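Asker: Can you look at this prediction? I've put the sequence above it.
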Amino acid sequence: MQKRAFPRPLLLPHVAVLFAALFTACSPRPLPSLAPESPGNASAAPFAWLTYEAEAARTSGTVRGPSREYLTPDAEASGRTYVRLDKDGDYIEFTAQAPADAMVLRYCIPDAENGGGREMDIALLVNGQPRAEIPLTSRFAWIYGEFPWSNDPSLGQAHHFFDESQAMVGPIKSGDTVRLQIGEPGPSDYVLLDLVELETVPAAVPRPEGSLSLTDFGAVPDDAGDDSPAFAACVEAAKKSGATIWIPEGVFRLNGPRMKLGGVRIQGAGMWRSKLEGPGTMFDGTGEPLHVADLAIFGTVDRRVDNIPENAFHGNFGDGSTFHRIWLEHHKCGFWTTYGTKNLLLSESRLRNLMADGVNFCDGTSYSTVERCHLRNTGDDALATWSPTTPDAAGQPSTGNSFIGNLIQFPWLANGLAVYGGKDHRIIGNHVEGGVFSGGGLLLSSGFDAIPFSGTIRAENNTFKDTGGDSYIGQAIGSLWIYALHSDIEIPLVIDGLTIEQARGDAITVHGPKAAKDIRLANVTVDGADDHVIRIDPAASGRMEVKALRARDYRDPLVQNGNPENFGVAVRE
């Protein structure tokens with residue numbers, strides 16, 4: 001069928017800024033500051049790195065892709081393309097466009113024959129001189145079988161291929177030649193390189209006056225010992241004295257059981273400098289506010305078990321908890337908050353390489369915000385708020401939660417943003433890129449036994465690129481996906497300033513069997529869709545009004561309405 005094309009529309013101001021910041025793949029990509037600075041916030045931009053796509057580099061390897069085929073590395077790679085290195089001396093090489101001293105490498109190496117991962121190194125050379133050996137592992141990648149997955153390769157259906165390695169690598173100047181190179185591989189060895197990020201690490205945060213250092217209680221950085229007893233003792237002393245807990249530079253191992261944490265303030269020297277690592281880096285809220293800043297927390301979760309809360313932060317975090325500039329990896333979820341949590345703020349943080357949600361404001365969590373954070377490679381909705389009616393839930397709606405100015409890349413399952421029932425939520429100024437399966441940019445749903453929507457749901461000035469497509473419901477979903485599953489959506493869904501690029505199917509879809517009675521879209525730009533701009537499922541009912549729609553490169557007709565008798569669509573281009 002024919003695709004219809006309009007002249008390229010004039011971009012709205014917020015979209016123009018974003019597009020200018022996202023350069024093409026042949027150039028390093030500075031990541032945008034997507035939302036205005038918060039009042040009184042003088043911190044550096046949260047996306048202060050440059051991204052170098054492997055396929056745009058000089059290479060002796062093989063460029064693979066692009067392909068969106070599920071269960072392939074291509075589908076999970078940035079731009080659906082990567083470089084394979086599998087011969088002695090294979091490399092990628094590029095010219096640094098700005099000074100840096102730290103690197104993040106997104107890669108894939110083979111799993112062990114029976115699962116559980118393996119290790120390799122890749123050499124970093126700067127201007128031809130060896131600089132470092134970057135360690136790689138497949139322990140936290142490669143899952144198999146049906147949901148919720150397994151580490152057993154015999155089950156087939158391998159996916160979740162990529163992980164990341166981080167290293168402070170010493171000074172790299174603008175104009176330096178940066179090379180990543182493998183040695184002689186074994187018969188089945190290879191390295192798939194997706195992207196490299198270079199950045200400059202900020203100066204260390206100074207120790208707060210009067211704070212209690214973790215090392216004062218026996219913790220030793222950068223050794224193999226268990227620092228869990230020291231951490232627990234430091235927390236107890238801080239609760240009694242009111243002093244801040246200081247995590248100095250270095251890696252501290254927490255090998256003990258998960259801990260209860262609340263009523264304290266934890267300060268690190270910086271997310272590149274102070275790190276808690278190990279199976280004990282999981283914390284249950286006590287109902288008291290918790291404040292954590294400038295710290296990395298890396299777990300050891302390598303599979304998904306939904307009846308175990310293997311989340312970095314789980315439960316009730318009281319009124320007014322704050323989390324600033326933290327870096328979370330290798331947990332099931334980053335945050336799973338519950339009833340009693342309100343006015344929580346998570347900002348300028350990195351949540352990457354997780355087995356499920358990045359953040360789920362669940363079960364009555366209210367008036368809480370995630371702003372200016374980077375989420376990548378999450379195994380379920382990257383940012384979600386859910387109001388469940390399940391027997392173990394409080395039965396209270398999550399109310400007034402906000403996701404503002406976040407950058408979300410490559411969820412390997414589910415959506416970038418999702419709202420399941422509740423009241424008066426705001427989704428503002430986010431960019432979602434590269435869904436894999438059931439991967440809409442934004443899902444507004446009355447499913448998963450959610451408390452029915454109330455108030456108004458507002459989504460403003462969001463951009464979704466290369467999202468949507470095949471899904472668990474057996475039908476393709478849109479980059480914007482509205483799913484009235486378990487209850488009618490009676491309230492206004494107000495979507496203004498939406499940009500959709502390269503939709504992997506329809507740009508916007510509405511599914512029943514329940515009604516979505518008041519969908520209001522305005523200032524919508526669709527720049528490429530494999531199918532229609534709007535598709536209404538035959539089981540859907542309700543009404544949609546679209547004002548100021550500009551679209552190009554899509555499949556005719558613009559609106560595919562499967563139930564025109566029960567679903568009204570009014571479009572003004």
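Answerer: Happy to help now that I have it.
Asker: Residue 112 reaches residue 141, doesn't it?
Answerer: No: using CB atoms under 8 Å, residue 112 is not in contact with residue 141; the gap is 11.3 Å. All C-beta atoms are positioned from the backbone trio N, CA, C, and that covers glycine.
Asker: These two: who's more crowded?
Answerer: For residue 112 versus residue 141, neighbours defined as other CB atoms under 10 Å are more numerous around residue 141 (24 against 14).
Asker: Can you check the pLDDT for that one?
Answerer: For residue 141, the pLDDT comes out at 98.
Asker: Could you name the helices and strands sitting against the helix or strand where residue 275 lies?
Answerer: Element membership of residue 275, judged by DSSP states H and E, is strand 274-277. On a contact count with 3 or more CB pairs under 8 Å, 6 or more residues apart in numbering; DSSP states H and E, strand 274-277 meets strand 250-253, strand 291-298.
Asker: what's the most buried one of these?
Answerer: strand 291-298 (a mean of 22; mean count of other CB atoms under 10 Å).
Asker: Run me through the strand neighbours of that one, direction for each.
Answerer: The strands beside strand 291-298 in its sheet (DSSP bridges) come out as strand 265-268 (parallel), strand 274-277 (parallel), strand 322-329 (parallel).
Asker: Next SSE downstream of that strand?
Answerer: strand 313-315.
Asker: which residues are contacting that next one?
Answerer: 282-286, 290, 309, 323, 333-338, 341 (CB atoms under 8 Å, 6 or more residues apart in numbering).
Asker: Neighbour-wise, which one of the residues you listed leads?
Answerer: Most surrounded of the contacts of strand 313-315: other CB under 10 Å gives residue 334, at 32 neighbours.
Asker: residue contacts, that residue?
Answerer: 311, 312, 313, 328, 351, 354, 357, 358, 359.
Asker: So what does it look like in phi/psi?
Answerer: When read as degrees, to the nearest 10, the backbone of residue 334 gives phi -70, psi -60.
Asker: Do you know the pLDDT at it?
Answerer: At residue 334, the pLDDT recorded in the model is 98.
Asker: now it: how far from residue 112?
Answerer: According to CB to CB, to the nearest Å, residue 334 and residue 112 sit 27 Å apart.
Asker: which one of the contacts of strand 313-315 sits closest to residue 473?
Answerer: residue 333 (22.6 Å; CB to CB).
Asker: ok, how many other residues are close to the closest residue to that closest one other than its chain neighbours?
Answerer: In space, and not counting its chain neighbours, residue 333 is closest to residue 311: 4.1 Å by CB to CB, 6 or more residues apart in numbering. Using other CB under 10 Å, the number of residues around residue 311 comes to 27.
Asker: for the one 5 residues further on, same thing?
Answerer: Number of residues near residue 316 (other CB under 10 Å) recorded here: 21.
Asker: ok so, going back, quick check: the gap between the residue nearest to residue 333 and residue 153.
Answerer: Counting by CB to CB - residue 311 and residue 153 are separated by 26 Å.
Asker: can you pull the pLDDT of the residue nearest to residue 333?
Answerer: pLDDT at residue 311 comes out at 98.
Asker: what's the answer for residue 572, then?
Answerer: Predicted confidence (pLDDT) for residue 572: 83.
Asker: Look up the closest residue to it, ignoring the ones flanking it.
Answerer: Nearest non-adjacent residue to residue 572 (CB to CB, 6+ apart): residue 547, at 5.1 Å.
Asker: what is the one you found paired to in the beta sheet?
Answerer: Residues in beta-bridge contact with residue 547 (DSSP bridges): residue 522, residue 572.
Asker: quick one: residue 407 and residue 47 touch, right?
Answerer: Yes: if you go by CB under 8 Å, residue 407 and residue 47 touch, sitting 6.0 Å apart.
Asker: ok, residue 309 - contacts?
Answerer: Going by CB under 8 Å, 6+ apart, the list of residues near residue 309 reads 258, 282, 284, 315, 332, 336.
Asker: try residue 229
Answerer: 217, 218, 256.
Asker: Quick check: residue 482 is in a strand.
Answerer: Yes: with DSSP: H, G, I helix; E, B strand; the rest coil as the criterion, residue 482 is part of a strand.
Asker: what's the spacing between it and residue 522?
Answerer: 15 Å.
Asker: which residues of the stretch 351-500 of the chain score low on pLDDT?
Answerer: For the stretch 351-500 of the chain, no stretch has pLDDT under 70.
Asker: which residue ranges form the helices in the protein?
Answerer: 13-21, 73-76, 228-241 (DSSP state H).
Asker: Ignoring the adjacent residues along the chain, who's closest to residue 452?
Answerer: residue 487 (4.3 Å).
Asker: Neighbours of the one you found, how many?
Answerer: 17.
Asker: Same check on residue 349?
Answerer: 27.
Asker: Of the strands paired with strand 291-298, give the one that comes closest to residue 70.
Answerer: Taking the strands paired with strand 291-298 one by one with CB to CB, strand 322-329 is closest: 23.9 Å.
Asker: Tell me, domain by domain, which residues of the chain belong where.
Answerer: 49-199, 212-301+336-504 (automatic domain parsing).
Asker: how near is residue 298 to residue 548?
Answerer: With CB to CB as the criterion, residue 298 and residue 548 are 45 Å apart.
Asker: err, residue 554, not the other one
Answerer: Distance of residue 554 to residue 548, computed by CB to CB: 17 Å.
Asker: So for these two, which sits in the more crowded spot?
Answerer: Ranked by neighbour count (other CB under 10 Å), residue 554 and residue 548 place residue 554 first, with 24 against 15.
Asker: Identify the residue spatially nearest to the more buried one, adjacent ones excluded.
Answerer: residue 529 (4.1 Å).
Asker: next one: residue 368
Answerer: residue 344 (4.0 Å).
Asker: Test my guess that that neighbour contacts residue 322.
Answerer: Yes: judged on CB under 8 Å, residue 344 makes contact with residue 322 at a distance of 7.5 Å.
Asker: Which of the two has more residues huddled nearby?
Answerer: residue 344 (27 against 16).
Asker: State the pLDDT value of that one.
Answerer: 98.
Asker: any idea how far residue 292 is from it?
Answerer: Taken as CB to CB, the span from residue 344 to residue 292 is 11 Å.
Asker: shared neighbours, the two?
Answerer: Common neighbours of residue 344 and residue 292, counting by CB under 8 Å, 6+ apart, are 322, 323.
Asker: in the sheet, who's paired with the residue most central in space within the chain?
Answerer: Nearest residue to the geometric centre of the chain (CA atoms, centre = their mean): residue 375, 2.4 Å. When bridges are called by DSSP bridges, residue 375 pairs up with residue 351, residue 408.
Asker: separation between it and residue 500?
Answerer: 19 Å.
Asker: now residue 311
Answerer: 31 Å.
Asker: can you tell me which residues contact the residue nearest to residue 554?
Answerer: 500, 502, 503, 505, 506, 507, 551, 553, 554, 555.
Asker: again, only using 6 Å
Answerer: 503, 507, 554 (CB atoms under 6 Å, 6 or more residues apart in numbering).
Asker: For the closest residue to residue 455 other than its chain neighbours, list the residues it contacts.
Answerer: Closest residue in space to residue 455, ignoring its immediate chain neighbours: residue 424 at 3.7 Å, by CB to CB, 6+ apart. Residue 424 is in contact with 399, 400, 455, counting by CB under 6 Å, 6+ apart.
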